[in-house]
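Colleague: model the following, please.
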Amino acid sequence: MRSMLDSAAMPRETAAAKAARTKKILARLQATYPTAHCELNFSSPLELLIATILSARCTDKRVNLVTADLFKKFRSAADFAKADLAQLEQDIKTTGFFRNKAKNIKACCAAIVEKHGGEVPRTMAELTALGGVGRKTANVVLGNAFGINVGVVVDTHVARLSQRLRLSHAKDAEKIEQDLMVLVPHAQWTMSSHWLIWHGRRRCFARGPDCDGCEIQRLCPSAGKV
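Modeller: Residues are numbered from 1 along each chain as shown. Sure thing, here's the model as predicted:
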């Protein structure tokens, strides 16, 4: 009975209304986080690719601590491809899941050397063909290293906020991405993920979100209900 009453009290949002609300949300977030950016430290597309692989189930802060030394030791895709696997595992151990990550990094970099002349490719198809690289990692690299908007990065923060803001009801990252690509203007595909991630880290926490202090409270159907 309660769900029926809730449905009656909350009419279904039209696609046009949701798109308009999304633009307002992004405008507020852009104003709130004008310096939002990728918080992984990198100085080249290769460094960003490696850092993003390491960031799986690991904080950006921890990854940055590890890569500060790692990128001094390995300066090219060839260096990573030729690295001793056991030593590479030790170098990245504190990022977690280090065995799988080390294997993926070596395989990924070997393919970059063999198929792309040592340079990180610039297309979604070529990137996702590399070992350990999915759409999320490819979107991070394309959007932040090359300035190419191919999709929207969907990490745990973007997924959580997309659901709380009711921009997507999907749980699968790729389905959430498809929903966001319809709502978010193409030119903002890369930056929209940064704004959502920054808001997720600073305001809309997984537990105990700060709804009272939230800059987009009036645009969020879940405000005060989480």
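Colleague: regarding residue 121, what is its secondary structure?
Modeller: coil (DSSP: H, G, I helix; E, B strand; the rest coil).
Colleague: wouldn't it be in contact with residue 128 here?
Modeller: No. Between residue 121 and residue 128 no contact is recorded; they are 9.9 Å apart, counting by CB atoms under 8 Å. Heads up, the C-betas are built off the backbone N, CA and C, glycines and all.
Colleague: and the two? Which one has more around it.
Modeller: Neighbour count, other CB atoms under 10 Å: between residue 121 and residue 128, residue 121 has more, with 23 against 15.
Colleague: excluding covalently adjacent residues, which one is nearest to that one?
Modeller: Excluding its sequence neighbours, the residue lying closest to residue 121 (CB to CB, 6 or more residues apart in numbering) is residue 127, at 5.7 Å.
Colleague: from what I see, that neighbour and residue 140 are in contact.
Modeller: No. When contacts are counted by CB under 8 Å, residue 127 is not listed as touching residue 140 (9.8 Å).
Colleague: ok, back up a step: what is the neighbour count of the residue nearest to residue 121?
Modeller: With other CB under 10 Å as criterion, residue 127 counts 25.
Colleague: repeat that for the one 10 residues further on.
Modeller: The criterion is other CB under 10 Å. On that basis, residue 137 has 23 neighbouring residues.
Colleague: cool, residue 150 as well?
Modeller: That count, for residue 150 with other CB under 10 Å as the rule, works out to 20.
Colleague: and the pLDDT for residue 2?
Modeller: Residue 2 is assigned 40 on the pLDDT scale.
Colleague: repeat that for residue 211.
Modeller: 97.
Colleague: burial measure for it, as a count.
Modeller: 17.
Colleague: surely it meets residue 221?
Modeller: No. If you go by CB under 8 Å, residue 211 and residue 221 don't touch, sitting 11.6 Å apart.
Colleague: for this structure, what helix or strand is lowest in average pLDDT?
Modeller: Across the helices and strands of the chain, mean confidence by mean pLDDT, DSSP states H and E is lowest for helix 2-9: a mean of 41.
Colleague: tell me the helix or strand right after that helix.
Modeller: helix 15-32 (DSSP states H and E).
Colleague: that next one: which residues count as buried?
Modeller: 18, 21, 22, 25, 26, 28, 29, 32 (16 or more other CB atoms under 10 Å).
Colleague: equivalent analysis for stretch 71-88, please.
Modeller: Result for stretch 71-88 [16+ other CB under 10 Å]: buried residues 71, 74, 77, 80, 81, 83, 88.
Colleague: which residues touch it?
Modeller: Defining contact as CB atoms under 8 Å, 6 or more residues apart in numbering, one finds that stretch 71-88 is touched by 43, 46-47, 50, 91, 102-103, 105-106, 108-110, 112-113, 118-120.
Colleague: could I have that stretch exported to CSV, CA atoms only?
Modeller: Extracted C-alpha coordinates of stretch 71-88, given in CSV (Å, rounded to 0.1, in the frame of the first residue of the first chain):
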residue,chain,number,x,y,z
PHE,A,71,56.8,6.1,-12.7
LYS,A,72,60.5,6.9,-11.8
LYS,A,73,61.4,3.3,-12.2
PHE,A,74,59.3,2.5,-15.4
ARG,A,75,59.2,5.3,-17.9
SER,A,76,57.8,3.6,-21.0
ALA,A,77,55.5,0.9,-22.1
ALA,A,78,58.6,-1.2,-23.0
ASP,A,79,59.9,-0.8,-19.5
PHE,A,80,56.6,-2.2,-18.0
ALA,A,81,56.4,-4.9,-20.6
LYS,A,82,60.0,-6.1,-19.7
ALA,A,83,59.5,-5.8,-16.0
ASP,A,84,60.0,-8.8,-13.8
LEU,A,85,56.5,-9.8,-12.8
ALA,A,86,57.4,-10.7,-9.2
GLN,A,87,59.1,-7.3,-8.7
LEU,A,88,56.3,-5.4,-10.3
